[in-house]
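[1] fold the following and give me the result.
(chains A and B)
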There are 2 protein chains.
Amino acid sequence: MNDRAPSPIEEPGVPPRVGRVRDASVNLAHGSGGRAMRDLIEDVFVPAFDNPTLAALEDQAVFGLADLAAHGDRLAFTTDSYVVDPLFFPGGDIGTLAVSGTVNDLAVCGATPLYLSCAVVIEEGLAVDLLRRVAASMQRIAREAGVAIVTGDTKVVERGCADKLFINTAGIGVVRSGVAIAARNARAGDVVIVNGYLGDHGAAILVARQQLALEADIESDCGPLNGLIAAMLDACPRIHCLRDATRGGVATVLNEFAQSSNVTIRLREAALPLREQVQGACEILGLDPLYLANEGKLVAVVPADAAERVLAVMRAHPAGREAAAIGTVEPGDAGGLVVMQTVFGGERIVDMLVGEQLPRIC
Amino acid sequence: MNDRAPSPIEEPGVPPRVGRVRDASVNLAHGSGGRAMRDLIEDVFVPAFDNPTLAALEDQAVFGLADLAAHGDRLAFTTDSYVVDPLFFPGGDIGTLAVSGTVNDLAVCGATPLYLSCAVVIEEGLAVDLLRRVAASMQRIAREAGVAIVTGDTKVVERGCADKLFINTAGIGVVRSGVAIAARNARAGDVVIVNGYLGDHGAAILVARQQLALEADIESDCGPLNGLIAAMLDACPRIHCLRDATRGGVATVLNEFAQSSNVTIRLREAALPLREQVQGACEILGLDPLYLANEGKLVAVVPADAAERVLAVMRAHPAGREAAAIGTVEPGDAGGLVVMQTVFGGERIVDMLVGEQLPRIC
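    Numbering: from 1, shown residues only, chains lettered A, B, ... in the order given. Purely as a prediction, here's the structure:
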């Protein structure tokens, strides 16, 4: 089961620290359910996530339903596992990703994200200080997004049975009353909007894996979108469709909208917000930026009469400065279609991602 | 990163099947976020879990708060990852474990478990039919427990970067009004109860790993406890402490109760319900059954005047036939203590699990 060389798993430049856990690296006892696991949790996660619900170390977090109802009338529930490789990359790490991604999955249905869980699967030998750094990243984004990490789980597997660290975050939030966002709600005449440059996360991972030698810095766009989305819903409670464009990129989200709504979505290539570095990298590597993963980008479909208003509030928000209308919704056949008018005046079909572009992007 | 021999990951005796997914084994494209991933989800998980919320394939599940309030006044939220090795063992598999474990974490706080998430991390090369079997196991237990698996996530990592399959389930439920179960609530005079034979799961995993050659069959006790707990709360809404005794066993749960409540818990060794095979295995291997993992066993601390009533309803329930009072709560010092009167008339301290007894037990 385990043929890998038993070298220590460390990131360079992390100074040793002394806490309740005396071991420098995680061993199987830290996943035992006994004292060593409790020490690891009380040393690393409880101080980082810093809230009384988690600190009680019950096996579940409990909240009053009446307090939840203050935020709206429906509960939203979501989960994502994060297996990104490498764990640290320009603009973020697996921790920032694990909180941003789940916050965004809640926010795109119109929910106020409130509580997250954090379940880690750790490969034996992982440096405890690496875990501390990841936990600190998680808490930084959680604070920015206004959520609390209230419950968790710790498992440790033998060396060679996982790749360093996997994190699952599930999340709950409350959907504001009156909002009805769904992939099936796109209507002919609607406008398709994104909140900024596409493909930054995918390109940043390529750079971090040294599969791409570039002079220019590209940073992941990894970050929470709930503040931006709240402003958009204040401006237009009738947003029809909203999703974050992670794995599969903008092309996959648009195909899901077109299929669910039985419409044709027409994009204008010239309108796509793309950084020069990302566009250049895509040309060199033969990648299509429409399929590159984002971790802080959303695709919204809004009624035409609200588009300018929504764009204005987006551009006034730090997470939406480069927001752009990239296309329109037209009547379509069952099954839906996404087409793009190219900069050369032609037209091409934009399909869902087929095969895989980059494994372990998130 | 990957030095393991690329042999196919199959379980013997699984006939090939033809579905929407034409591949016999999972590849990296199934974790891409694109069409292959959608095909896998629509082929394996959507039909198995069979509910309209999941089938909508939105990135989150949404429920009316008013419907939740029909079950009680507080929301409970929990998460656990499952990394058990092997995936299939006598009495269960990773799927039965993943649903039972999270259902039980909700039930032990007095919650009615309602909705679960399912996030899988799959090693490239896993047989798709194995995944179908695990999904079927999950749904079988979900139906038994009365919960729906409503949202999920699929990640695939390269061969050698995970060990076949890890599953995370998060769960939400609603705590019945008036119930106040907590580890800090044990009081002098209370009675300590378990619902049956201890250590079956840990012993079954030992057998499945062939670390133990036994004539006698030992099956995991893996199963949902919410029905049993509902009956116990009907009989005694004032249950003081309740936990399922998984990793770390009964000894670790009792230490958590004693520490949180600052009491001494006195066990009677003669009263511990132990199967002859499990006791024999423990003697041979030098293991203590109090530390063996269970996956269908709970430890309850109840007021003395309710103990007989609670034991009676437990023994009338299929999951509690061998329920037994195993000890009592006495006044104690800060920090708490668990002691056991041995069958030889002596007394020994029962500490928390130190080190690890069996890695990847769940």
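
[2] the closest residue to chain B within the stretch 51-200 of chain A: neighbour count?
    Residue nearest to chain B within the stretch 51-200 of chain A: A:A170 (3.3 Å; C-beta to the nearest C-beta). All C-beta spots, glycine's among them, are computed from the backbone N, C-alpha and C. Neighbourhood size, A:A170 [other C-beta atoms under 10 Å in any protein chain shown]: 30.

[3] identify the bridge partners of it.
    A:A170 has these beta-bridge partners by DSSP bridges: A:T79.

[4] ok, it - contacts?
    A:77-80, A:102, A:116-117, A:119, B:77, B:79, B:117, B:119, B:168, B:170 (C-beta atoms under 8 Å, 6 or more residues apart in numbering or on different chains).

[5] need the longest strand for chain A.
    strand A:111-123 (DSSP state E).

[6] distance between whatever helix or strand comes next after that one and the chain's centre?
    Sequence order places helix A:128-145 as the next helix or strand after strand A:111-123, per DSSP states H and E. Averaging C-alpha positions (C-alpha atoms, centre = their mean, to the nearest Å) puts helix A:128-145 15 Å from its chain's average.

[7] report the secondary structure state of A:E219.
    coil (DSSP: H, G, I helix; E, B strand; the rest coil).

[8] that one and chain B, how far apart?
    21 Å (C-beta to the nearest C-beta, to the nearest Å).

[9] contacts only, for the residue lying closest to that residue once chain neighbours are set aside.
    Closest residue in space to A:E219, ignoring its immediate chain neighbours: A:G91 at 3.3 Å, by C-beta to C-beta, 6 or more residues apart in numbering or on different chains. Taking C-beta under 8 Å, 6+ apart, we find A:G91 in contact with A:200-201, A:204, A:219-222.

[10] which SS class is the residue of the stretch 151-300 of chain A found nearest chain B?
    Among the residues of the stretch 151-300 of chain A, A:R247 lies nearest to chain B; the distance is 2.6 Å by C-beta to the nearest C-beta. Following three-state DSSP, we place A:R247 in the coil state.

[11] for it, give me phi and psi.
    A:R247 adopts backbone torsions of phi -50, psi 140, taken as degrees, to the nearest 10.

[12] for the residue of the stretch 251-362 of chain A found nearest chain B, which non-adjacent residue is spatially closest?
    Relative to chain B, the nearest point of the stretch 251-362 of chain A is A:L353 (2.8 Å; C-beta to the nearest C-beta). Nearest in space to A:L353, with sequence neighbours left out and distances taken as C-beta to C-beta, 6+ apart, is B:G34 at 2.8 Å.

[13] how near is that neighbour to A:G249?
    9 Å (C-beta to C-beta, to the nearest Å).

[14] which helix or strand contains the residue nearest to the spatial centre of chain A?
    Closest to where the C-alpha atoms of chain A average out (C-alpha atoms, centre = their mean) is A:G101, at 2.5 Å. Taking DSSP H and E as the criterion, A:G101 maps to helix A:94-107.

[15] just checking, what packs against that helix?
    Contacts defined by 3 or more C-beta pairs under 8 Å, 6 or more residues apart in numbering or on different chains; DSSP states H and E place helix A:94-107 against strand A:74-82, strand A:111-123, helix A:128-145, strand A:165-175, helix A:226-235, strand A:241-244.

[16] next, the buried residues of that helix.
    Using 16 or more other C-beta atoms under 10 Å in any protein chain shown as the test for burial, helix A:94-107 gives A:94-107.

[17] that one to helix A:226-235, inter-axis angle?
    20 degrees (axes from the mean of the first three to the mean of the last three C-alpha atoms, to 10 degrees).

[18] what angle separates helix A:94-107 from strand A:111-123?
    Using the same axes, to 10 degrees: helix A:94-107 against strand A:111-123 is 150 degrees.

[19] just how off-centre is helix A:94-107 within its chain?
    The answer for helix A:94-107 is 4 Å, by C-alpha atoms, centre = their mean.

[20] what of stretch A:253-264?
    That offset, for stretch A:253-264, works out to 21 Å (C-alpha atoms, centre = their mean).

[21] what's in contact with that stretch?
    With C-beta under 8 Å, 6+ apart, stretch A:253-264 has contacts from A:182-188, A:192, A:241, A:243-245, A:265, A:267, A:299, A:301, A:327, A:329-339, A:350-352, B:57.

[22] taking the residues you listed one by one, which sit in strands?
    Among the contacts of stretch A:253-264, the residues falling in strands (DSSP E) are A:192, A:241, A:243-244, A:265, A:267, A:299, A:301, A:327, A:329-331, A:337-339.

[23] ok, and of those, which contact chain B?
    A:243-244 (C-beta under 8 Å from any C-beta of the partner chain).

[24] max pairwise distance over the ones in strands among the contacts of stretch A:253-264: which two?
    Comparing all pairs in the ones in strands among the contacts of stretch A:253-264 by C-beta to C-beta, the longest separation belongs to A:D244 and A:P331, at 26.8 Å.

[25] between these two, which is the more surrounded one?
    Neighbours of A:D244 and A:P331, each counted by other C-beta under 10 Å, are more numerous for A:D244; the result is 22 against 10.

[26] so for the residue nearest to A:E219, what's the pLDDT?
    pLDDT for A:G91: 96.

[27] just A:G13 next, same as before
    pLDDT at A:G13 comes out at 43.

[28] among the contacts of stretch A:253-264, name the buried ones.
    Here, 16+ other C-beta under 10 Å leaves A:182-183, A:185-186, A:192, A:241, A:243-245, A:265, A:267, A:299, A:301, A:327, A:329, A:332, A:336-339, A:350, A:352, B:57 buried among those.

[29] show me what stretch A:132-140 is in contact with.
    So stretch A:132-140 is contacted by A:11, A:14, A:17, A:44-45, A:48-50, A:87, A:92-96, A:98-99, A:118, A:149, A:165, A:167 (C-beta under 8 Å, 6+ apart).

[30] and the residues you listed, which are buried?
    In those, the ones that pass as buried (16+ other C-beta under 10 Å) are A:44-45, A:48-49, A:87, A:92-96, A:98-99, A:118, A:149, A:165, A:167.

[31] ok, the residues you listed vs A:A61, which is closest?
    A:I149 (9.5 Å).

[32] got the phi/psi numbers for that closest one?
    Dihedral angles (degrees, to the nearest 10) for A:I149: phi -90, psi 110.

[33] which one is it nearest to, not counting chain neighbours?
    In space, A:I149 is closest to A:F49, 4.2 Å off (C-beta to C-beta, 6+ apart).

[34] now do the same for the residue lying closest to A:A55 once chain neighbours are set aside: its pLDDT.
    Take A:A55 and drop its neighbours on the chain: the residue closest to it by C-beta to C-beta, 6+ apart is A:V46, 5.3 Å away. pLDDT for A:V46: 96.

[35] ok, now how distant is A:V46 from chain B?
    Counting by C-beta to the nearest C-beta - A:V46 and chain B are separated by 15 Å.
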